[in-house]
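[1] Coordinates for the following, if possible.
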Amino acid sequence: MLLRTVRIRVRLGCQLLAVAVVALFLWPMPATAATTQASYRVDDLGALGGDGSSVAWGINAAGQVVGWSNGPTGTRAFVYSDGTGIRLLAAPGDRPHTLARAINDAGVVVGSATTGGTDLGHAVRWTNGVPRDLGTLGVGPFSEAYGVNAAGTAVGYSYADGAHLDGTHGFRQDDAAAMVDLTPAGSAEAHAINAVGQVAGWRNGQAFRWQTGTLSALPVPTGFTQSFGYAINAAGQVAGSTISASGNTERPFRYTDGVGSVVLGGVGEHNQAFGINGTGDVVGTGRAVSGPSRAFIYTDRGGMVDLNTLINPASGLVLLGASGINDAGQIAAYGFNNLTGLEHGLRLTPIGTASLPSAPTALVATGVSTSSIGLAWTDNASNESGFRVERRTGTSPFVKVAATDADTTTFVDTTGLDANTIYDYRVYAFNGAGASASSNVVSAATSGADTTAPAVRLVAPKAGATVSGRVRVRIVASDNVAVASVRVLVDDVIKCQATASPLTCTWDARRAIGVHTVSAVAVDSSGNQASSSIRVTVVR
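    Below is the predicted model:
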């Protein structure tokens, strides 16, 4: 009889956790990888003795992984290290049900612990394997730690009022101090902290970044109404998810200073980003293309990719989610193995299967218009997957503006350029092994905005003329760029108009005895306007 692991949800504190039960049928395998060689080696972290499944959640620079193991006695936090394998993290006092969410490079771990039943749990920090109950904000009954930085500062969220369970506050907590409320106003959660103390989270349905007492709301991507920050890297980039007004569309996003919040891809209803490393690579759970939800990785060079397409298909593994990534590209994940029937925490390690491509050279840039700059370069590689184009203004950092296909040697940048502005550019070649060295850096300027008004002239009638009956009016106009429209007015009333010069029309002046003002007006393609007027006398 075929087996399938059906993922159900149990609650520890206020968090829904994945555990596994055995049912009929197998997990459907993902599509075969498009590459002939796997890009990642997968280490099965196993489970603690007597347990049937596990989930990996956090990873540090050395590849140590933390998470929790599921079994008859509930969830138990673990740390996995090369050489020692999976080890139990001791529970604090009378709270035996534990989770580990994050680990720093010194091996300090944070998570939570509960007694089970109606107990909602407390945040916990493990230092050298010794647990410490971090308590809660105020008289709140619950707290959860989600992130820890190199200094051992923990962040998470806690109820602050024991009488009201309808809101949480984000907190940070240094090892020797009490919890500090980061978000005293509004329901909020803090989820990650970097080395300089920047904290990522969300408040009232909008992602934020907190630093030295200032909470800055991050822009919600266009077309969406809510956002949630779950991860932050050393550069202050924030990754998370953003949700549409209907709640039926959720996409991973990444916020970068100078760029804003950018949706990273995904299809279907739910796509969430949980981890980001120093180069801006993002991992999470979602759908890169059609099909069931799977673990994914997003990179600037490759976009959003199902991680199942990057591992050996003969392993029997189905990667269900990814939650952390370090700067070496190692990923904390979890998945089901169709060969063993087990759902375990996993660690993915990149495999060097290709050499870096040669760098492009001879990059040149030319201003094309007020809002576009053209680039051209020499392709020196035979093994690139494509090219990454980056630009900057002034002393701001370079940011990616496009990725092109392999063998491309030209690109026209039309994204967000201002008129009469100088931009610097550089180009990289990339493939599965990474990016090449940079091309030469070049500069080009967009052309200045058109501020020259068109020239317009009344050809007939002449100024001061005496006219009668049906009067033939003719105007001509010219412009340094383009004339967009011309029109004839009598006493400020439009009599005729056209989109090009010259313009001839007939004014019925039979009932307009007296002196009148005839005007010609021209507008160019940039909106600059000019006019010319004369006075004529109408007689019978």
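
[2] Is it correct that N308 falls within a strand?
    No. Per DSSP: H, G, I helix; E, B strand; the rest coil, N308 lies outside any strand segment and is helix.

[3] That one is in contact with V318, isn't it?
    Yes. N308 lies in contact with V318 (Cβ atoms under 8 Å); the separation is 6.5 Å. Any C-beta I mention is one placed from the backbone N, CA and C, and that applies to glycine too.

[4] neighbours around T378, how many?
    With neighbours defined by other Cβ atoms under 10 Å, the count for T378 comes to 12.

[5] Next: T414.
    14.

[6] ok, and the closest non-adjacent residue to it?
    S372 (4.6 Å; Cβ to Cβ, 6 or more residues apart in numbering).

[7] looking at the sheet around that neighbour, what are its partners?
    In this entry, S372 is beta-bridged to S369, by DSSP bridges.

[8] care to break the chain down by domain?
    With domains defined by automatic domain parsing, the chain comprises 196-310, 361-445, 455-538.

[9] how long is the first one from one end to the other?
    Counting by Cα to Cα, to the nearest Å, you get 33 Å between the two ends of domain 196-310.

[10] Centre of the chain to it, how far?
    How far domain 196-310 lies from its chain's middle: 5 Å, per Cα atoms, centre = their mean, to the nearest Å.

[11] average pLDDT across it?
    Domain 196-310 carries an average pLDDT of 94.

[12] going forward, begin numbering at 55 instead of 1
    Let's use 55 as the start, then, which means that last one is domain 250-364.

[13] Just give me the residue right at the centre of the chain.
    R308 (2.2 Å; Cα atoms, centre = their mean).

[14] excluding its backbone neighbours, what's nearest it?
    Spatial nearest neighbour of R308, excluding adjacent residues (Cβ to Cβ, 6+ apart): A293 at 5.0 Å.

[15] residue contacts, that neighbour?
    When contacts are counted by Cβ atoms under 8 Å, 6 or more residues apart in numbering, A293 touches 283-286, 306-309, 327-330, 336, 338.

[16] Partner strands of the strand or helix carrying E444, with direction?
    If you go by DSSP states H and E, E444 is part of strand 440-446. Next to strand 440-446 in the sheet, as set by DSSP bridges, lie strand 453-459 (antiparallel), strand 476-485 (antiparallel).

[17] Tell me the gap between the first one and the middle of its chain.
    Relative to the chain's own centre, strand 453-459 is displaced by 15 Å; criterion: Cα atoms, centre = their mean.

[18] Give me the buried stretch members for stretch 184-202, please.
    185-188, 190-191, 194-202 (16 or more other Cβ atoms under 10 Å).

[19] Now intersect these with the strands, please.
    Secondary structure defined by DSSP state E assigns P185, R186, D187, L188, S197, E198, A199, Y200, G201, V202 of the buried residues of stretch 184-202 to strands.

[20] Provide the partner residues of the first one in its beta bridges.
    What it means is P185. W180.

[21] And it, how far from T303?
    Distance, P185 to T303, using Cβ to Cβ, to the nearest Å: 40 Å.

[22] With A435 instead?
    38 Å.

[23] Report the secondary structure state of the residue nearest to R308.
    A293 - assigned by three-state DSSP - is strand.

[24] what pairs with it across the strands?
    A285, R308.

[25] If we go by neighbour counts, what in stretch 142-152 is buried?
    Within stretch 142-152, judged by 16+ other Cβ under 10 Å, the buried ones are L143, A145, P146, R149, P150, H151, T152.

[26] So what does the third one have for phi and psi?
    It refers to P146. Torsion angles at P146 (phi, psi; degrees, to the nearest 10) stand at phi -80, psi 120.

[27] quick one: contacts for it?
    Counted by Cβ under 8 Å, 6+ apart, P146 has contacts T152, A167, H176, V178, P185, R186, D187.

[28] The third one: how many residues sit nearby?
    Same thing as H176. Using other Cβ under 10 Å: H176 sits among 25 other residues.

[29] where does the stretch 455-594 of the chain dip in pLDDT?
    Low-confidence segments of the stretch 455-594 of the chain (pLDDT under 70): 486-488.

[30] can you give me the strands for the stretch 105-254 of the chain?
    With DSSP state E, counting those that start in this stretch as the criterion, the stretch 105-254 of the chain has strands at 107-113, 119-125, 128-135, 139-142, 151-157, 163-168, 176-181, 184-189, 197-202, 208-212, 223-227, 234-235, 242-247, 253-257.

[31] Columns distance to Y352 on top of these, output as JSON lines?
    Formatted as JSON lines, the strands of the stretch 105-254 of the chain follow (distance: least, Cβ to Cβ, whole Å):
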{"stretch": "strand 107-113", "distance to Y352": "17"}
{"stretch": "strand 119-125", "distance to Y352": "21"}
{"stretch": "strand 128-135", "distance to Y352": "25"}
{"stretch": "strand 139-142", "distance to Y352": "28"}
{"stretch": "strand 151-157", "distance to Y352": "20"}
{"stretch": "strand 163-168", "distance to Y352": "25"}
{"stretch": "strand 176-181", "distance to Y352": "29"}
{"stretch": "strand 184-189", "distance to Y352": "32"}
{"stretch": "strand 197-202", "distance to Y352": "20"}
{"stretch": "strand 208-212", "distance to Y352": "24"}
{"stretch": "strand 223-227", "distance to Y352": "25"}
{"stretch": "strand 234-235", "distance to Y352": "32"}
{"stretch": "strand 242-247", "distance to Y352": "17"}
{"stretch": "strand 253-257", "distance to Y352": "17"}
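
[32] So for D546, which of those sits nearest?
    D546 lies closest to strand 253-257 among the strands of the stretch 105-254 of the chain, at 54.3 Å (Cβ to Cβ).

[33] Residues touching that closest one, excluding its own?
    By Cβ under 8 Å, 6+ apart, strand 253-257 touches 201, 209, 211, 224, 226, 236-237, 240-247, 261-265, 269, 271, 281-286, 292, 294.

[34] In PyMOL, select just the buried ones from those.
    Provided next is the PyMOL selection string for whichever of the contacts of strand 253-257 are buried by 16+ other Cβ under 10 Å:
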select buried, resi 201+209+211+224+226+236+237+242+243+244+245+246+247+261+262+263+264+269+281+282+283+284+285+286+292+294
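
[35] For the residue nearest to T129 when sequence neighbours are not counted, grab the count of nearby residues.
    Using Cβ to Cβ, 6+ apart and skipping the chain neighbours, the partner closest in space to T129 is W122 (4.5 Å). W122: 30 surrounding residues under other Cβ under 10 Å.
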